[in-house]
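# Sequence and predicted structure are below.
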Amino acid sequence: MQISLTRQVALVTGASAGIGHAAAKALAAAGAAVVINYNRQAEPAEALARQIIADGGQALAIAADVSQEDEVERLFAETLEAFGSLDILVANSGLQKDAAVVDMSLEDWNTVIGVNLTGQFLCARAALRIFNRQGVREGVSRAAGKIIHMSSVHQRIPWAGHVNYAASKGGVDQLMQTLAQEVSHQRIRINGIAPGAIRTAINQEVTEGAAAEKLLELIPYGRIGDVEDVANAVVFLASDAADYIVGTTLFIDGGMSLYPEFRGNG
């Protein structure tokens, strides 16, 4: 199966590093013009845009804080100004501010919910408005638009010490399913991806050395994931090969969400 996203435009939020960076790169490799959103890390986002252009693709890096309504509206307006349309949104921006619940500040709660959940709502709303105006672009995609919400295994698995993060990801799951239920009749496909343990810079402390050995006890498949594992799923869900997949979360976790601690304890 060969996947082509030629003539399509993709916007990836939080794409200056990690999963978002890999997703933007993979979408460009499949032929899409890519908007690489970032908040603070301009250089890696701009470097990726330069690389994609040097390889013959189309790309643009745009700064915006997805938790702020006015910045989201500007981000989507600049996307349309640059490329004229939008076909794919990967709502990927996310962060952690961890603490035991009794020590967690309201500011840290609100910051995580603001980026991880409200930001995904704001971006999805902006994308849906564009998709509704465009309709199905014949010869480009079978759908009027595709949204991929980046969640986490912690939309399902409780995570002590990370209540704001886990709550935000549980919210993302219901956001995705509710939006899919609401708009799928308009030929708009909305799905989610729930990564497990993935090797990224932010996860380096738990994916390297002795900590990695402990982490592997939670992964039945026996390896820690790479960003490309998630990026490949993004490209698939954005393509016509996934045209009948609606309102579904794809867990990319090596089996972590199977609760392997219970093997032999039934």
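Yep, that arrived.
# Now residue 90: phi and psi?
phi -110, psi 100 (degrees, to the nearest 10).
# That one contacts residue 148, doesn't it?
Yes - look at residue 90 against residue 148 with Cβ atoms under 8 Å: they come within range, at 4.9 Å. Backbone N, C-alpha and C define where each C-beta goes, glycine included.
# Which of the two has more residues huddled nearby?
A count of neighbours by other Cβ atoms under 10 Å puts residue 90 above the other of residue 90 and residue 148, at 30 against 27.
# Where does residue 103 sit: helix, strand or coil?
coil (DSSP: H, G, I helix; E, B strand; the rest coil).
# Return the residues in contact with it.
Not one residue lies near residue 103 by Cβ atoms under 8 Å, 6 or more residues apart in numbering.
# And the one 10 residues further on, by the same measure?
With contact set as Cβ under 8 Å, 6+ apart, residue 113 has these partners: 164, 167-168, 171.
# Quick check: which element contains it?
For residue 113, the host element (DSSP states H and E) is helix 106-113.
# Grab the longest strand from this structure for me.
Scanning the chain for the longest strand, with DSSP state E as the assignment, gives strand 188-195.
# How far away from the center of its chain is it?
Centroid separation between strand 188-195 and its chain, computed with Cα atoms, centre = their mean, to the nearest Å, is 8 Å.
# now what about the worst-scoring helix or strand of the chain on mean pLDDT, what contacts it?
One helix or strand of the chain scores below all others by mean pLDDT, DSSP states H and E: helix 204-207, with a mean of 82. With Cβ under 8 Å, 6+ apart as the test, helix 204-207 has contacts from 197-200, 211-212, 215, 224.
# Enumerate the beta-bridge partners assigned to residue 33.
Taking DSSP bridges, one obtains residue 9 as the residues bridged to residue 33.
# does it really touch residue 12, like I thought?
No - using Cβ under 8 Å, residue 33 is not in contact with residue 12; the gap is 11.5 Å.
# if you count what's nearby, which of those two comes out ahead?
Between residue 33 and residue 12, counted using other Cβ under 10 Å, the more crowded position is residue 12 (34 against 26).
# quick one: average confidence on the helix holding residue 113?
The average pLDDT for helix 106-113 rounds to 98.
# Can you give me the buried ones in stretch 209-220?
Buried positions in stretch 209-220, judged by neighbour count with 16 or more other Cβ atoms under 10 Å: 212, 215-216, 218-219.
# Any regions of the stretch 51-200 of the chain where pLDDT drops low?
Residues of the stretch 51-200 of the chain meeting the criterion pLDDT under 70: none.
# all strands for it, in order.
59-63, 88-91, 145-150, 188-195, 198-199 (DSSP state E, counting those that start in this stretch).
# Next, format those strands as TSV and append distance to residue 78.
Formatted as TSV, those follow (distance: least, Cβ to Cβ, whole Å):
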stretch	distance to residue 78
strand 59-63	5
strand 88-91	14
strand 145-150	18
strand 188-195	22
strand 198-199	29
